[in-house]
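> here you go, sequence then predicted model.
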Amino acid sequence: MEKRELQFMDGKSSKFWRIELDGACHTVTYGRIGTEGTSQTKEFSSPAEAKKSHDKLLSQKLAKGYVDTAGGGAAGGGAAAGAGDEVPFIAFPCTTGSNGTGSHASNFMGLRVSRFSAGKKPGDPKKTAYFFGSDYENDTFTEDLEAFLESDVAAEARALVLGPWAEELYDVSSAEAVKLLVANAKKLPKLAGLFVGDIVQEENEISWIHQSDLSPLFAAFPKLQLLRARGGQDLALSKAKHAGLRALALETGGMNASVVRSILSGDFPALEYLELWLGTEEYGGTCTVEDLQPLFKGKKFPKLRYLGLRNCDFVDDIATVVVNSPLLQRIETLDLSLGTLSDVGGRALLKLPKESSLKKLDLSHHFMSKQLMKELKGLKLAVDVSEAESPDDEWRFVAVGE
Amino acid sequence: MALSAEAARAHLEAGKPGPLSVDGRLDLTNTRLKSLPQGIACYELDASSSALESLPSDLQVESRLILDNCQHLRSLPAGLEAGAISLRNCNSLHALPEGLETWFLDLSESKRFTQWPRQANVHSGRVRLRNCIDLQSLPSWFGTLATLDLAGCVGLTSVPDGIRVTGWIDIGGTNITSLPPSLGDAQLHWRSVPITHRIAFEPQSITAKEAISEQNAEIRRVMIERMGYLRFAQEAGAKVLDADTDPGGERRLLHIELEQDEPLVGLACACPSTGHRYFLRVPPSTKSCHQAAAWLAGFDDPALYHPVIET
């Protein structure tokens, strides 16, 4: 009998898929991680037919972004991801697809996101990422967060998701929320993941969100493994240093070069996952490909496995340079999605080194021709060229602008 | 001593010595300092539009070194190393130093730059040499680059073998007539417009019919420029709007309709001294040869244009 188990996580779902091949039968089991799931057994006319179907289903799942379950057999009725101290690597991505900022994350760090409301029974901290947020009717962000910090679950909480921190967001930054968390860091001894700014498009455009200096969080939470933030205005990391941080994701419509400078001159020896939305000049972006050279040079972040340079309007420039980078000898995923990639950058990617550690290339939301998409799919790694925009468009746009 | 960027600038402008280090970006733009002390280390240095004439031999810049518009900059230290080095519009700079090491090099508009070091290392990133009009050659030590922009380098006639690009090479307006084997499959640009090798290197094979039927207006313009306006006008069966004579002989005002672009209108004339024939493009609203000649001489109102002699 042959068994293979895969997992998939992003901001919407957290699921497993398992296939067992036994002679002329195969059994597929799938469902949410942490549940038993649903099983289906199929019988074929011969073991060869069963094997053929098995291989096809498996390759379809892998193409969709499923990966092998780390350590084998953890899911499917087993422990929920993130229950141990070490956050599984697969739980770091969150905002996927070009409409990823259109709705709140229902999953974060492999945990189900659930609103914490003062006076209501909180979710199980082993399975829950606690959400806090105000809206036009209820300006309860601070009240709920303060109540949470006084509650019993705070000591066990693994992940927090900070949504709209005020009723009216136009001129209120994340500074007060960050200050409140930093002042109460002792009450959150197990905090491993934090999302500052799960604010969706209808609440506030990504380029209108006022962030703040997030680096006090690094000093206050030495056990933090994942920091994700949305919004580029006033975003800063003045003291960019954390011995244990494994994942850093900054989503912006335009990233100031000073943020990139802070990260690349900073000290993050444990970083495995780096996702930067570089955006466009129109919405405050001041980076150029030159600013990324210290990254491409390949000496920073010795543990890096995933590099995402997303939502970027100079991704063609990045593509032509990154193919020459020694980083490609040690990272697994290169994500250039949500940007304005055209045939110019796409052609350069055809020159990826033949021998490399790269397993996945995410180019979704792009402006490449059909011919080039076909050639890229011929590369010996998983290439995502979904969400193709017209290559003849006079002007090309990033997926998440404004 | 570690200083903030502001404190470091004040320290240097007060004429105080090194060593000093800056965590982030040291901003010395517009400074009147002519030189800097030994012992400076920073992540990034921007001394654009400054009076700097040289740099200290032990300068340490990890990421970007920006020296754009430094009109007095004459030399750089041997072994200079930085992630990206930008020397745009540095008009006193003739040479780069031996042992230079970087990923990105920009010398655009540095019109007097001519001399490459015997040995240096520029690789992986972009090299931009836009409008380096005095430049006569490229070095053999460029490794694999992302892009190589030579547009406007009118003195260049060839590219050494061994240079590779993962992106593109731009040869717009150069006199380069072929590419070496190492660039055989490179994407080619002509002043930022992607073109084929044939348009670049076999312009005599382009026909007017082919140029007119090209859908992309930018590529069409390059095709016409490459085949020459005069030949294009002849082959395209241009309409003669006006004709008269000048000291060069007959001159004609020609008109060609272009799809999704303004019409091509130009004065076809000969030089009275050399006999060379020219096609000089004029605004599409021009109606007569005289009006065209007036516009070319800088007169918007042809009534004011009465040359004693046209040369």
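Arrived safely.

> start to end distance for stretch A:112-125?
10 Å (Cα to Cα, to the nearest Å).

> I would like the residues contacting that stretch, please.
Residues from elsewhere that reach stretch A:112-125, judged by Cβ atoms under 8 Å, 6 or more residues apart in numbering or on different chains: A:14, A:104-107, A:127-133, A:140, A:143-145, A:147-148, A:151, A:153, A:156-158, A:161, A:190. Every residue, glycine included, has its C-beta placed from N, CA and C.

> which of these fall in strands?
Judged by DSSP state E, strands contain the following of the contacts of stretch A:112-125: A:Ser14, A:Asn107, A:Thr128, A:Ala129, A:Tyr130, A:Phe131, A:Phe132, A:Val161.

> the first one reaches A:Tyr66, doesn't it?
No: taking Cβ atoms under 8 Å as the contact criterion, A:Ser14 and A:Tyr66 are not neighbours in contact, 11.9 Å apart.

> overlap of the contact sets of these two?
Here A:Ser14 and A:Tyr66 share the contacting residues A:Phe8, scored by Cβ under 8 Å, 6+ apart.

> tell me which two in the ones in strands among the contacts of stretch A:112-125 are the farthest apart.
Pairwise distances across the ones in strands among the contacts of stretch A:112-125 (Cβ to Cβ) peak at 20.6 Å, for the pair A:Ser14 and A:Phe132.

> quick revisit: neighbour count for A:Ser14 and A:Tyr66, which is higher?
When A:Ser14 and A:Tyr66 are compared for neighbours, A:Ser14 comes out ahead with 25 against 19, by other Cβ atoms under 10 Å in any protein chain shown.

> who touches the more buried one in this structure?
A:Phe8, A:Arg32, A:Ile33, A:Gly34, A:Ala81, A:Ala91, A:Asn107, A:Gly110, A:Leu111, A:Arg112.

> got the confidence number for the residue of the stretch 51-200 of chain B found nearest chain A?
Residue nearest to chain A within the stretch 51-200 of chain B (Cβ to the nearest Cβ): B:Gly167, separated by 3.2 Å. pLDDT for B:Gly167: 96.

> what sits against it?
The contact partners of B:Gly167, by Cβ under 8 Å, 6+ apart, come to A:316-317, A:319-321, A:344-345, A:347-348, B:126, B:145-147, B:187.

> go again using 7 Å as the cut-off
B:Gly167 makes contact with A:Thr320, A:Val344, A:Ala348, B:Ala146, B:Thr147, B:Gln187 under the criterion Cβ atoms under 7 Å, 6 or more residues apart in numbering or on different chains.

> and if you look at B:Phe299?
B:Phe299 makes contact with B:Tyr305, according to Cβ under 7 Å, 6+ apart.

> is it located within a helix, as I assumed?
No: applying DSSP: H, G, I helix; E, B strand; the rest coil, one finds B:Phe299 to be coil, outside a helix.

> quick one, phi/psi of it?
phi -100, psi 120 (degrees, to the nearest 10).

> now A:Lys186
phi -60, psi -30.

> and if you look at A:Val315?
phi -70, psi -30.

> nearest residue to it in space, please, no chain neighbours.
Leaving out its chain neighbours, the residue that sits closest to A:Val315 by Cβ to Cβ, 6 or more residues apart in numbering or on different chains is A:Gly339, at 3.6 Å.

> then A:Val67?
Nearest one to A:Val67, counting by Cβ to Cβ, 6+ apart, is A:Ile90 at 5.8 Å.

> pretty sure the one you found sits against A:Met9.
Yes: between A:Ile90 and A:Met9 there is a contact under Cβ atoms under 7 Å: 5.3 Å.

> retrieve the pLDDT associated with the residue nearest to A:Val315.
96.

> any idea how far A:Lys64 is from it?
21 Å (Cβ to Cβ, to the nearest Å).

> of those two, give the one with the bigger neighbour count.
Between A:Gly339 and A:Lys64, counted using other Cβ under 10 Å, A:Gly339 has the larger neighbour count: 31 against 13.

> relative to chain B, how far out is A:Phe116?
From A:Phe116 across to chain B, the span is 38 Å (Cβ to the nearest Cβ, to the nearest Å).

> what lies in contact with stretch B:208-218?
For stretch B:208-218, using Cβ under 7 Å, 6+ apart, the contacting residues are B:Val193, B:Arg220, B:Met223, B:Ile224, B:Met227, B:Phe232, B:Glu235, B:Ala236, B:Gln260, B:Asp261.
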